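> Sharing a model prediction with you, sequence too.
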Amino acid sequence: MLKKNACVLCGVLVSLCAAGVSAQRYTDERYDLALIQQQSSIEPDDVAGGDNVGASLAMSTQYIVVATPGREVDGVSDAGCVYVYDTQTEALLYTLTSPTPGVDDEFGFAVALDGDLLCVGVPNDDQLVEDGGAVFLFDLSTGVMLEKLLPDNPDAFDRFGISVAVNAEYIAVGNLNDNDVGQFVGSIEVFDRVSHAHKGKLLPDDPSDLTGVGRRIAIKGDGLVAGAAFSDLGGVDAGAALLFDLSTMSHVYTVQGGDTASGDQFGGVVAISDDRFYVGAENNDYYGVDGGAVYMFDRATGEELVQMWPHDFDNANGFGGALHVDGDRLIIGARKNDTEGTNRGRVYLFNARTGQLQASFQRDAVFNNDQFGEAVAVLGDEVIASSIRARASGNLGGKVYRFTIGDERYPDRIFEGADCSNYNYNMLGEAIDIDGDTLVASGSEAGLCFDGGPGVYVYDIPTMTRLHVITGNPGTSGNWFGESIAVGDGVIAVGAPYDSTIEDRAGVVYLYDQVSGAFLMELRPDDIERLDEFGASVDINEGVLAVGCKYVDHEDISGTGAVYLYALPSGDLIRKQISPTPGNVDEFGWDVHLDNGMLLVGSPRDDDLFVGRGAAFLFDVQSGEHLRTYLPYDTDDTVPDEFGRSVFMRDGIVIVGDPYATVPDSEGDSVGEAGQVHVFDRDTGDELARLHAETPYTEQLFGWSVGIDGDTIYAGTWRRFNFNTYFGPDDPRVERYDATTYERKPQMLASYSFDETYFGRSIAVSDEYTAIGMSNGHYQYAPIPELGGTVFVYDKPQGNTCPVDLNNDGELNFFDVSAFIVAFSQGDLGVDFTGDGSLNFFDVSAFIIAYTEGCP
């Protein structure tokens, strides 16, 4: 239970209202579609070459700390200094130095910040012995130095202060070459946060082959993780990381990566959260010599959970040379990344719980050898990253850059298919569906991985485990096995509309057991013929399977299409559903959706309005009665829009994709085949909204895929360039809209982009997840070739379980009060605790009450 006394709040908070802070109201602003935006750069005055501005960093809601250990101070070379800036204004508050600067002291080699307490490591301080080291403590509310911590029983070159960490109870200091249990084994010295009294040393239980324990440290609660990158455990400089319990001052365990080898320097950097910790190995060779990797471990057990790499891996990337974690966000620096030029560097955003890449970015106008990503820090939506050789004041002294993570939705999990050597053109994500925690995804052209047959992959979403690979019959490459898939009621249905077992492209649907993946039966109606394409679409709901057969004849009408309804699990045919207005080549059944006892059918070539204009039809599943027809009124009646190419319904709302529609751009000019999505009231048939892409462009095909959950409408694009050639935009994204107001929401983004990715080719939604297929993507997270396909899964936000824990540290304390004061003063409606769209006394009162009651 997080609970605190409210007395400290009353006088402080009420003063906000007395100060006359003006009320702020919500405005209808469109979301900025940029991803991670550079906001500013921080550059101290008179930077000199070799200053190494930002060699270490720290950030809080109040302060940004920029260490410059190579700075000359009072004529003393490499004495070092630390700059402290106001987080809100970026005004310089203090320039901190040692009261007795020495040559090569490197004041600021490491920094750690908690509240107003700043710890500054000076590993080459000579007060006790040469390079024995020291740590200076500063009160940032005043800028006054509080104390100088010195090592216990030091030897020359111990380098106490090589790393520092601090929290509400402890100050921890790495003592790189401490010899207490062996030559250069190292240790971590622990001090009381309040009294600064020495509490003892953390030492490994078995120092064999360990070197430099404490070279990097991180602390969370009573847990401390220490890196020992030059340890020879398992190989020369293979590295190791150790977890310690500060409450007992004991060594818990030592870990290495599953593939740690000589030279990896595993443990070069570390980070820790409540239940996980992270270890960098920037010289790991799995994806290139010294390409780098980062490992995630379970804090309770020491089990390795995930190994992380960048999507643009290469030799000598230095990926994993810098780490920082805050909440669900893990920031990783790769200062030697060469994607845009030699050693320019890059920074990556990963999901800290799943270990999946979400985005990567560089600073503006980056140059060769800037080494962007030398140090990083993240706090909520704010990221700072240093470029220690960036040009500043005319010299290569370095700068620090500040970024804001946008409101766009980044993927939480990434799924890829087989890791066989012939994974090219698997096109995983051609079709996808979700049922509970089960994700099914097809690679309808995976003709080489499985004896010539394509495959459908079945995954457990929370664990990201591949449960089954369901394959088409040998020799069936080209039958489009997996062109459509559905999962539900314990069954997986797989459409193969080009199956030619009976006649050329007559089609078939296969049923499999959802749990075991075992084959159950195949469905093939008696009346299908050549080119009917039975299985073009499938859906499952409430014991019913719907199968689209978009070119089957009806009486003397050629290729009008039909939908076949089957009972599950028996597979008995219930009905063949025909369009109420059948016409030649209507493609009735191109897409189908079942919900709440109703069947929605897309017929994109229906000619009720105009040839190829399209329609969608609603039926009662039990009776077969036609309930409603949805048409794209008030659109251009001279071109085929193919309205009905995608359909979906939920909670009384019907959405229909119209991907070939001509729509206006921001200047009012017509944009051909940009596409749109229509929203209808299911029961009345009234059109409620017409949605367009944020930036329509020719042949964008917006609305190729659609979906809706309780509060959000999703629309994917499949950009077309020329006949049979499709390209994705530079920044692939799926648009989202509020399902009630139809206002644009932050978009869904892929982790990476390049031409021909097909991001948005398919969409699947549930109450817990949203999945998006990118059938030509290749993440290169494993050694798989191009066009293999990727499925991105996004967890549905669960909301803030403790809304008054404003700094998200799992505690209620003064820092939450301070964060509230700052946000309220700046008119930040994130602290509108009454939800009335304004900031006033009632929000202060609501915050006090919630803070006093605490959170579970």
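Nice, thanks for sending it over.
> From residue 792, how far off is the most centrally placed residue in the chain?
The centroid of the chain falls nearest to residue 358 when counting by Cα atoms, centre = their mean (3.3 Å). Shown here: residue 358 relative to residue 792, a distance of 10 Å by Cβ to Cβ, to the nearest Å. Every residue, glycine included, has its C-beta placed from N, CA and C.
> neighbours around residue 622, how many?
Summarising burial for residue 622: neighbours were counted as other Cβ atoms under 10 Å, giving 12.
> Determine the number of other residues adjacent to the residue nearest to residue 691 when sequence neighbours are not counted.
Ranked by Cβ to Cβ, 6 or more residues apart in numbering and with sequence neighbours excluded, the top spatial neighbour of residue 691 is residue 677, at 4.3 Å. Under the neighbour criterion other Cβ under 10 Å, residue 677 is assigned a count of 30.
> Contact partners for the residue nearest to residue 567 when sequence neighbours are not counted?
Nearest-residue entry for residue 567: residue 574, 5.6 Å, with adjacent residues in sequence omitted and distances by Cβ to Cβ, 6+ apart. Residue 574 makes contacts with 544, 565-567, as judged by Cβ atoms under 8 Å, 6 or more residues apart in numbering.
> Looking at those, which are in strands?
544, 565-567 (DSSP state E).
> sorry, back to before: show me what the residue nearest to residue 691 is bridged to.
Assessed by DSSP bridges, residue 677 has beta-bridge partners residue 657, residue 691.
> now it: how far from residue 794?
19 Å.
> now do residue 429
Using Cβ to Cβ, residue 429 is found at 14 Å from residue 794.
> Show me which of these two is the more surrounded one.
More neighbours surround residue 429 than the other of residue 429 and residue 794, with 32 against 19 (other Cβ under 10 Å).
> So for the more buried one, what's the nearest residue that isn't a sequence neighbour?
Distances taken as Cβ to Cβ, 6+ apart put residue 773 closest to residue 429, at 2.7 Å, once the chain neighbours are dropped.
> The helix or strand in which that neighbour is found pairs with which strands, and in what direction?
Per DSSP states H and E, residue 773 falls inside strand 769-774. Here the strand partners of strand 769-774, with direction, are listed using DSSP bridges: strand 759-765 (antiparallel), strand 790-795 (antiparallel).
> Those strands into JSON lines, with extra columns for distance to residue 382 and mean pLDDT?
Supplementary listing: the strands paired with strand 769-774 in JSON lines, determined by distance: least, Cβ to Cβ, whole Å; pLDDT from 0 to 100:
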{"stretch": "strand 759-765", "distance to residue 382": "27", "mean pLDDT": "91"}
{"stretch": "strand 790-795", "distance to residue 382": "22", "mean pLDDT": "91"}
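> any idea which of these is most buried?
Most buried of the strands paired with strand 769-774 by mean neighbour count (mean count of other Cβ atoms under 10 Å) is strand 759-765; its value is a mean of 26.
> thinking again about what came up before, now the residue nearest to the centre of the chain: how far from residue 389?
When Cβ to Cβ is the yardstick, residue 358 and residue 389 sit 27 Å from each other.
> ditto for residue 818
Following Cβ to Cβ, the distance that separates residue 818 from residue 389 is 35 Å.
> Hmm, residue 262 and residue 284 touching each other?
No: counting by Cβ atoms under 8 Å, residue 284 sits too far from residue 262 to count as a contact (11.1 Å).
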